[in-house]
Each structure stands twice: as C-alpha cells, then as structure tokens.
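> just a sequence and a predicted model for now, questions to come.
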Amino acid sequence: MTSHEKKLGIVLLIIVLLSYIIPYMMLSHVASWYGSFLFWSIAAIVIIIINYLLTRDWGDNE
Amino acid sequence: MSTTMVWTIISIYIVIALVIAYLSRSGKQTNMASYFLGDRKLNGFVSALSYSATTYSAFMLVGLAGLTYNGGVGAFGFEIIYFMGVSLVALFGPRFWLVGKKYGYVTPSEMLGDRYNSKAVAIVVSISSCVFLIPYSAVQLAGVGYLLQGVTNDAIPFTTGVIIATVLAIVFSYIAGMRSVAWTDSLQSLMMVLTSTVVVILIIRGLGGLGGFFGALETNQPESLTVPGNGFFSFTSFLSLTIPWFFFSISNPQVSQRLFMPASLKSLRQMLMGFLIFGFIYTVVSVVWGFSASIMFPGLENADLATPKLLSSELVPPILGAIVMVGIMAAAISTIDSILLTLSSLFARDVYGNIKKGSNDRKQLTVGKVIIPIIAVLSYLFAQLELDLIAVLSVSASAGLIVVVPSIIGAFFWRRGTAPAVWASVSISGVMVILLEFTQTTPLGLGSGIWGILLASLLFVSVSFATTAPKQKANEFLNYLKTEMNTLKKSKSKRNVS
C-alpha cells in the first residue's frame, strides 16, 4: 500500500467507525432531520471526497 | 395501473433496449476477453452506469424502500455503509486492473487461482459463487413476476413476468456479450435515476415540501428518524446486515469482474466516481420513497407493497408510475444478465478450462455461450419452484460470498497466503454460513455474515502458516504491483512539477 493510500485509508476507516458509533450512541434521541439522517448524508459526501483524492493520480495509460 | 399501459411501456422498453444492444456490437467477439470483458475497452461513463445498474437490483426501490418503511432511518445508514464499502474499489480497483491486463485474467477466481498457484482454488471459488448467485438470480426473476402480477391485479400472471425477464436477460447477454449488457444497463440506470427522482420531487411537493415531509415524520413517527428507533435496527442486526454488504464490491464476482474492464485507470476512476454520485442520489431517493409511503400509507401489512402503493397514488401521474414500474423490472434484468455473464465466464474459464484437458480460449468461449441459457433456465426453474432452500441461499448470498474476502485481501497484501488456506476458508466457512441461515441460528445475536468472515479469516491465516506459500508467484505478482503503484504516484508528481 502506498503512503498516500495508507493516510486516506485511515481517515476512511475512522469515518466508517463513526457511522456506527455516532448514530447509535449520540444521536439516538435526536428525532429530527438534523439527527442521523444528516450525519449519514455528510459522512457519505466526505467519503466521495476521499475517493476523489485517492484516485487523483489515475491516468489514461492503456 | 392499466394493463394496456404496462404492456405498452414494456414493449417500448424492449424495442429501445434491443436497438441499443444491437448498436453496441463492435468488432468480432472471438475470444473470452472480448465477449466477457468488452475487450477491456469500456469507457468511464458506460462503466459507471453499468456498474450502478448491476449493483442496484430491484432491491433498491422495493426492498430498501420497504426497509425504511419498517425500520426508519437505519435503512439509510445500512445503505450508506454499503456505499462506503465501494471505496474498496479505490484500493483494489487499480490492482485488479493492472494484473488483469498483465496476466490476461477474465475472472476474479482465475486471478486467485493463478496468484495462489492452484487450479483447485479457481474451481472452489467459482463453484461457491455459483451456489449463492444462481438462487439470487432466481429470486430476482421471481421478483419481476410478483411485481407485474401485483401492479396489474393478476392480468399479467406470475409466470409471464418471469418468462419475460428470463428471455430478456438471455437476449441482452447474447447479442454482444458484455458490450450489450453494459449499454442496456446504462439505459436502464439513467432512466431509473431520472424518473425516480422526478417521482420523489412530486411526492415531496404533494406532502408540503421538505418542511412538511420531515414535519410529518417528526410528529407522527419520531422514532423513524433515529436508530435503533422502533427496534427494527438493533445494533447487532445493523452490524449483521452492514458487514457483508460493506465488502460487496470485492466479494461479488459480477461487480469485481468489472474492475478488469475499463479501458484505462482514468476510466476506472470515472467508473468509481460516477457510481458514487449515482449511488448517493439513488440511495436518498429510495429512502425518501420509503418514508413517504410510511407517511401516506401507515399500517401496511407487507412493507414490499410500499412502492406499488406509492406509484399508484394520486400524487404520481399514472404514466410516470407505469414507467418507473417497468424501470424496476429492468433493474432486476440488468442485475440478472450481468450475473449470467459472470457465472458463465466462471464456469467456462475456471471449471471447464481447468478440468478439461486441451481446452483453449476459443473452446471456453463456446462453452461459455452454451452455458448462458442453461444457467438462465436453471434460475427460471428455481424461481418457479419457490423452494425454501433457494430463498435461504439467496438471502445468504451476501453473507456467503464474504468468505472469499480474506483470500482476496491476502492475494494483494500478504505473501504468506497459501492455496490450502483458500480452499479451507472458502469451503468450510461457506458451508457454515448456509447451515446458520438454514437453521436460522444467530449466535450472540450476530448474523451468518459476521461469523462467516471471522471463521474465513481465522482459517485463512492459520492454514497459511501451516502450509507452504507459492513464493515465486507471490513475489512476482506483488513486486509487479508495487512497482506499478509507485510509478503511478511518481508520474503524477512529475506532471505537477513540469
């Protein structure tokens, strides 16, 4: 694994873990759109950004 | 929904899809890679849409909406964690692609067989894929039957729906192999995401805008906006559901095989990014869909009726409802035809190719083409039989296929992994998953997928330590990848400097 992959991979792993912990531990009483629904939506967008950064180097060599 | 309207839209869909499939033909498909991998020349746009269509079966707008109807926002979390798992493509994608090109792999199990230097590995892995994926296709086929029967009030009988889906899946696979599947998939997913988004916008508007929509949820069913909420998504069931799906992008051969197909790494990147954007929109749409049904039709006995109810409601124009309905049927077909192609290539390459002496690429292609309708008919018969075992195998497909994950990770990141470790982890853990599912046992409240990956990892590591690794192949394979992955990074830095 390259160092670039390791760094972003760790960030990714943390977000996945938070996606289990935060809704179940901290948002279980927030019965509104700004509770788990918003949290998971933001987490998904962060994941899209990480994937963008992870794949920036991929060129068009066939 | 009127039967004439449904038939008309089905006919229009078939005609357009056939024209697109026909136009997708290019050159002569005389070898395995050209037929099953689209010559490794798929562009990023088609790859992204086709990957989405294959991944998102009819499950999304029927099953996920139903899960949201029953369990609330936990269904959204489940699908988002699956979505996060697709990031594995960023890690494994370039590696699959590089070795696929260098060694000419057509199937993921062929890659494992070569990497672990054992034909038996390829055979065991491909047979385990067939055991879970044929029943999975059968259930998709049955889904089409029930859907058409349901929306037309039995005017289109179950068997007719199943036959239509089977025939179309065979035809789309046959016209130009992966090319026709990829192009018809693209048509289907583009149409689906557009029409279902329009439906959601209409429904939200009908419910008084976003404020009215969330307001209704907060007042009438506040528990649906939290987890565990009404208890449907307890933490252990959430974990049991999400873990197998997190690994879907590398455990399921019909999607991991896609990593061999893009024309360049840039196309692979477009495939991944395109899928992520598509997937996010589609997930939000399906979940909002389920929530809307729970606001408009509380108390349905069967949550799978949420979607048909919503589409027949006065908020959705009948023609749009019928188009989305046929789109859901097309979504099931686009998943089945990809699975058909993948399983045929697995059988031809890994089972026939390794067992039959003197088999070459051309003979494997012939066998692959012959096997496509056989697998389709087998799925059709399973769908008709409605056996308990078939349902069990289908439900356990994501859990059953997860057992190959340690072997795949090992192939790319652990020189010490061995062939006997792959046989042991895939076959023993696979059988355990089937037994747990069949007896409905959930030790410690955890589902079969979690036990599957734990046992598979344990067996893979321990048996690897007890047996001899194929050192020469492992070094050659991994050193090649190391050099290539570092070059990728350097060439980018060089471009930035100049």
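Good, I have the coordinates. Numbering: from 1, shown residues only, chains lettered A, B, ... in the order given.

> starting at the chain centroid, how far to stretch B:286-295?
Taking Cα atoms, centre = their mean, to the nearest Å, one finds stretch B:286-295 lying 23 Å from the centre of the chain it belongs to.

> go on, stretch B:141-148?
Relative to the centre of its chain, stretch B:141-148 is centred 18 Å away, using Cα atoms, centre = their mean.

> what mean pLDDT does that stretch get?
The predicted model assigns stretch B:141-148 a mean pLDDT of 83.

> try stretch B:455-469
97.

> then stretch B:271-281?
Within the predicted structure, the mean pLDDT of stretch B:271-281 is 95.

> same question for stretch B:119-126.
Stretch B:119-126 shows a mean pLDDT of 95.

> residues in contact with that stretch: which ones?
For stretch B:119-126, the external contacting residues (Cβ atoms under 8 Å, 6 or more residues apart in numbering or on different chains) are B:107-110, B:112-114, B:253, B:346-347, B:349-351, B:354-355, B:404, B:407, B:419, B:422-423, B:426-427. For the C-beta atoms, the positions are set from N, CA and C on the backbone; glycine is no exception.

> list the buried residues of it.
When burial is assessed from 16 or more other Cβ atoms under 10 Å in any protein chain shown, stretch B:119-126 yields the following buried residues: B:Lys119, B:Val121, B:Ala122, B:Ile123, B:Val124, B:Val125, B:Ser126.

> which one of those is nearest to A:Trp40?
Closest to A:Trp40 out of the buried residues of stretch B:119-126 is B:Val125 (33.4 Å), distances taken as Cβ to Cβ.

> nearest residue to that closest one in space, please, no chain neighbours.
Leaving aside its chain neighbours, B:Val125 sits nearest to B:Ser109 (4.0 Å; criterion: Cβ to Cβ, 6 or more residues apart in numbering or on different chains).

> report the secondary structure element holding the residue most central in space within chain A.
Nearest to the geometric centre of chain A sits A:Ile47, at 3.6 Å (Cα atoms, centre = their mean). Assignment of secondary structure by DSSP states H and E places A:Ile47 within helix A:36-54.

> is chain B contacted by that helix?
Yes: part of helix A:36-54 sits close enough to chain B to count as contact by Cβ under 8 Å from any Cβ of the partner chain, namely A:36-37, A:40-41, A:43-45, A:47-48, A:50-52, A:54.

> which ones are touching the residue nearest to B:Val125?
Taking Cβ under 8 Å, 6+ apart, one finds B:Val121, B:Ala122, B:Val125, B:Ser126, B:Ser129, B:Pro253, B:Leu346, B:Arg349, B:Asp350 in contact with B:Ser109.

> can you rerun that using 10 Å?
Under the criterion of Cβ atoms under 10 Å, 6 or more residues apart in numbering or on different chains, the neighbours of B:Ser109 are B:121-129, B:253, B:256-257, B:345-346, B:349-351, B:354, B:404, B:407, B:426.

> wait, is it part of a helix?
Yes: for B:Ser109, which was evaluated using DSSP: H, G, I helix; E, B strand; the rest coil, the result is membership in a helix.

> any idea how far chain A is from it?
To chain A, B:Ser109 is 24 Å away according to Cβ to the nearest Cβ, to the nearest Å.

> repeat that for B:Val431.
Using Cβ to the nearest Cβ, one gets 29 Å for the distance from B:Val431 to chain A.

> next, count neighbours for that residue.
Neighbourhood size, B:Val431 [other Cβ atoms under 10 Å in any protein chain shown]: 14.

> which strands and helices sit next to the helix or strand where it lies?
If you go by DSSP H and E, B:Val431 is part of helix B:419-438. Counting contacts by 3 or more Cβ pairs under 10 Å, 6 or more residues apart in numbering or on different chains; DSSP states H and E, helix B:419-438 packs against helix B:108-115, helix B:119-151, helix B:388-395, helix B:397-401, helix B:405-413, helix B:448-466.

> thought B:Gly150 was touching B:Leu305?
Yes: using Cβ atoms under 10 Å, B:Gly150 makes contact with B:Leu305 at a distance of 7.7 Å.

> neighbour count for the two, which is higher?
B:Gly150 (19 against 16).
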